[in-house]
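>>> What follows is a predicted structure for the sequence shown.
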Amino acid sequence: MRLSQFHLRTEKETPAEAEIISHRLMLKAGMIRKLAAGLYTWSPLGLRVMRKVEGIVREEMNRAGAIEMALPLIQPMDLWEETGRWQKFGGQLLKIKDRKEQEYCFSPTAEEAVTEFARNELTSYKQLPINLYQISTKFRDEIRPRFGVMRAREFVMKDAYSFHLDAASLDAGYRTMYDAYTRIFTRLGLKFRAVFADTGAIGGTASHEFHVLANSGEDALAWSDGSDYAANVELAEAVSPGARPAATEALRDIATPTQKTCEDVAALMGIPLQRTVKSVAVMGVDADGNDQFVLALVRGDHAVNEIKLTKLAGLGEYRMATEDEIMEHLGSEPGFLGPLNAKKPIRVIADRSVAAMADFVVGANKPGFHIAGVNWSRDLAEAEVADIRNVIAGDPSPDGHGTLGIARGIEVGHVFALGDKYSQAMNATVLDANGRAVHPLMGCYGVGVSRIVAAAIEQNHDDAGIIWPDTMAPWTVAVCMINPKNDPAVTAAAEALYEELQQRGIDTLLDDRGLRPGSMFADMELIGIPHRVVVSERGLAAGQFEYRHRRASEAESLDRDALLVRLG
Ligand code: ATP
Ligand code: MG
Ligand code: MG
Ligand code: MG
C-alpha cells in the first residue's frame with residue numbers, strides 16, 4: 001500500500017474521553033471514530049487490523065474442521081420465544097418492529113437461529129458431528145458501553161455452534177475448539193490464559209474462558225502456581241458446612257449497601273467465625289436485567305475484622321432476581337454462578353429475593369473452594385479489589401496443589417458445552433443409528449474479534465504508541481523515504497524495495513507522503529508498524545538501509561541482502 005493513496009489521520013492530542021490506553025491509542029491512531037455510545041466506525045486503518053484478526057480466526061476454525069456460514073443479524077421474536085430468551089435475555093436484547101408491527105431483535109448471539117437451521121437441515125446422525133460458524137456483527141445493548149470497542153454495543157464476534165450425537169463426541173468437539181482457541185491466541189502473539197468457568201446447574205461437560213492478561217481487564221482470574229488450576233473467579237472460599245443464613249430478613253439486611261464488621265455479618269448469617277469463613281456473594285439483577293452484585297467479604301478471625309458490603313456504584317436501581325433469571329444466567333453466562341468444584345447440580349431456591357440468592361450461594365457450599373459468582377467489575381473501587389486480592393491470593397487451591405495468585409484479564413473467548421438445552425427447547429432432533437429421534441448435544445464457542453484488537457493494544461504499547469504483534473499489524477513493514485521529492489534515487493530505491501517485499505508476500509506500507517522524518521516516524525510508531533526501513537540518500541551512498549524493529553532502541557544499518565533476511 002502506498003500511504004499517499006490511503007486514508008490515515010492521526011492525532012497529536014490525547015483524547016480526553018478515553019479511560020484506558022487501548023481506547024486512547026485507537027483514537028489517536030485514527031483506527032476508530034465514535035458514532036454514538038458503543039457504536040464505532042472502523043477507519044480503513046482499523047479495519048486492516050480487524051481483518052488480520054479475522055483471518056487468523058477463520059484459518060484456525062477451518063483447520064479445526066468448522067464450516068463457515070452466515071446467519072441474519074435481525075431475527076424474529078417467535079424464534080427467541082421458543083427458548084424463552086425473548087424475555088430472559090433482558091435489557092441487552094435490542095428489539096425492533098417492522099412496518100407490519102412484527103417484532104425482531106438484533107442478534108446478540110445466535111443459538112436460536114443456528115438451531116433453527118439445524119432442525120431443518122440435520123436429520124440423521126450421519127451428518128454429525130458438525131460445527132457451523134460465522135464471523136459477524138452482534139448487537140448487545142450493554143448497560144455501560146465503555147473503553148471503546150472493548151465493551152461496545154455493536155461488535156464483531158466469531159460464533160460457532162457444534163452438534164453431536166453423544167457426550168463423547170461433544171467432549172471431543174469441545175477439546176478441538178479449546179485447542180483451536182489456544183492456537184488463535186498464540187498466533188496473535190498475545191499473553192493469554194484459559195480459565196475454568198463452572199457450568200453450574202445447566203450441566204454440560206465444561207466451560208472455559210480465554211483471557212488476555214492486562215491490568216485494565218474487567219475480570220479477575222485466580223490460578224494456582226502448583227497445578228494447572230485456573231478459574232475466572234472472582235471470588236471464593238467455602239463457608240463452613242451448615243453455615244446457613246439464619247434468616248431471610250437478615251440476609252436482606254446484608255444486601256444493602258453499607259459497611260459492617262465481620263462479626264455483624266457473621267451474626268446476621270448465622271455463620272460461626274472461623275478460618276474457613278471467607279466470602280459470600282449475593283446476586284441480583286438490575287432493572288434492565290443485567291447482572292449486578294452485592295459483594296460481601298468476610299474474613300476469618302485471624303484476619304482484619306472488617307467487611308465491606310458494596311453495591312456496585314452507578315448501575316441503576318437494584319431489584320430482586322427471579323429464579324428464572326438466575327437459571328437463565330446460568331445458561332447464557334456459563335460459569336457465572338455456582339460452586340467451582342461442584343459437579344452436582346446446584347439447588348436454586350425458588351424464593352424471589354436477593355436473600356434467596358444469598359441462601360443459594362451459601363447453601364451450595366461445602367468445604368473447599370467455591371466461586372461465589374461475583375462479577376468483578378472495574379466499578380469496584382480499587383480498595384475493594386485489593387481486599388478481594390488479599391482474601392484470595394496466597395490461599396491453598398482448590399485442587400490441593402500450590403497457592404492461588406490473582407491477575408486481571410480481558411475475556412476474548414469463551415467455549416461452552418451446552419448440552420441439549422437448545423435442541424430440547426426448539427425440538428431439534430436427528431435419527432440415531434436405531435432410527436430413534438434424539439436431541440443433538442450442542443457446544444457454542446465465541447471469540448471477540450473486535451475486542452481482541454483493543455486487548456492486544458493493552459498488552460503491546462509504549463509512550464510512542466501501539467506495538468503490533470506481526471500477525472495483527474496493519475502492515476508488517478513500513479518503508480520510509482527521506483526527502484523523496486528532491487531525490488529521485490531515494491524514490492527509485494524505496495519503490496524497488498517496496499515491490500520486492502510485496503512480491504515476497506510481506507505486507508508492506510510505502511510512506512511516500514513526503515513528510516519530514518520526525519512526523520513520518522511518529523506516525524509509524526503511533527500506528528504500531530513492527531518493522532521500519534528508512535531509505536535515505538546517505539544510506540544509499542553507503543549501500544545500506546536503516547532498519548529498526550518497533551521494540552528496538554537503536555536502528556541498525558543493513559545492506560539489501562541482510563535486510564531481506566531480517567524481514568524474511
Ligand atoms: P463479557 O463478560 O465481557 O460481558 P460475555 O461473557 O457476555 O462477555 P460471550 O457471550 O461469552 O460474552 O460472547 C463471546 C465473546 O464476545 C466474549 O468472550 C467477548 O470477547 C466478546 N464480547 C462480548 N460482549 C462484548 C462487547 N460488548 N463488546 C465487545 N466484545 C464483546
Ligand atoms: Mg456480557
Ligand atoms: Mg463473560
Ligand atoms: Mg462469556
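Noted; the coordinates are in hand. Quick caveat: nothing in here was measured; it's all calculated off a predicted structure. Ligands and ions are numbered 1, 2, ... in the order given.
>>> Pull up the residues of this structure that are close to ligand 1.
Within the chain, the positions adjacent to ligand 1 are 109, 140, 142, 151-152, 155, 157, 333, 411-414, 446, 448, 450-451 by CB under 6 Å from any ligand atom. To be clear about C-beta, it is placed using only N, CA and C from the backbone, and glycine gets the same treatment.
>>> neighbour-wise, which of those leads?
Most neighbours among the residues of the chain next to ligand 1, by other CB atoms under 10 Å: residue 413, with 28 neighbours.
>>> Give the buried residues for the strand or helix carrying that one.
Per DSSP states H and E, residue 413 falls inside strand 404-419. Across strand 404-419, burial judged by 16 or more other CB atoms under 10 Å covers 404-419.
>>> helix, strand or coil for whichever residue of the stretch 451-568 of the chain sits closest to ligand 1?
At 3.8 Å from ligand 1, residue 451 is the closest residue in the stretch 451-568 of the chain, using CB to the nearest ligand atom. Under DSSP: H, G, I helix; E, B strand; the rest coil, residue 451 falls in the helix class.
>>> which ones are touching it?
Shown in contact with residue 451 (CB atoms under 8 Å, 6 or more residues apart in numbering): 149-152, 155, 410, 412.
>>> Narrow the residues you listed to those in helices?
Taking DSSP state H as the definition of helices, the contacts of residue 451 contribute nothing to them.
>>> just to revisit the earlier point, and the furthest pair within the residues of the chain next to ligand 1?
Using CB to CB, the residues of the chain next to ligand 1 span at most 19.7 Å, a distance reached by 333 and 450.
>>> For whichever residue of the stretch 401-550 of the chain sits closest to ligand 1, give me its contacts.
Distances between the stretch 401-550 of the chain and ligand 1 by CB to the nearest ligand atom are smallest at residue 448, namely 2.1 Å. If a contact means CB under 8 Å, 6+ apart, then residue 448 has 155-157, 411-413, 455 as its contacts.
>>> what would the residues you listed look like in TSV with distance to residue 427 and pLDDT?
TSV is the format used below for the contacts of residue 448 (distance: CB to CB, whole Å; pLDDT from 0 to 100):
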residue	distance to residue 427	pLDDT
155	31	98
156	31	98
157	27	98
411	32	93
412	34	97
413	30	96
455	39	98
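>>> Check residue 207 and give its pLDDT.
Model confidence at residue 207, given as pLDDT, is 79.
>>> tally of neighbours for it?
Using other CB under 10 Å, residue 207 has 25 neighbouring residues.
>>> how far away is it from residue 69?
Remark: distance between residue 207 and residue 69 (CB to CB, to the nearest Å) = 24 Å.
>>> Write down the beta-bridge partners of the residue of the stretch 401-550 of the chain closest to ligand 1, one by one.
Beta-bridge partners recorded for residue 448 (DSSP bridges): residue 157.
>>> Work out for me the element residue 120 sits within.
Residue 120 belongs to helix 111-121 when assigned by DSSP H and E.
>>> Which SSE is immediately downstream of that helix?
Following helix 111-121 toward the C-terminus (DSSP H and E): strand 130-139.
>>> if we can go back for a sec, which strands and helices sit next to the helix holding residue 120?
The contact analysis (3 or more CB pairs under 8 Å, 6 or more residues apart in numbering; DSSP states H and E) places helix 111-121 against helix 77-82, strand 130-139, strand 154-164, helix 421-425, strand 441-448.
>>> Comparing those, which stretch has the densest surroundings?
Mean neighbours per residue, mean count of other CB atoms under 10 Å, is largest over the helices and strands packed on helix 111-121 for strand 441-448, with a mean of 26.
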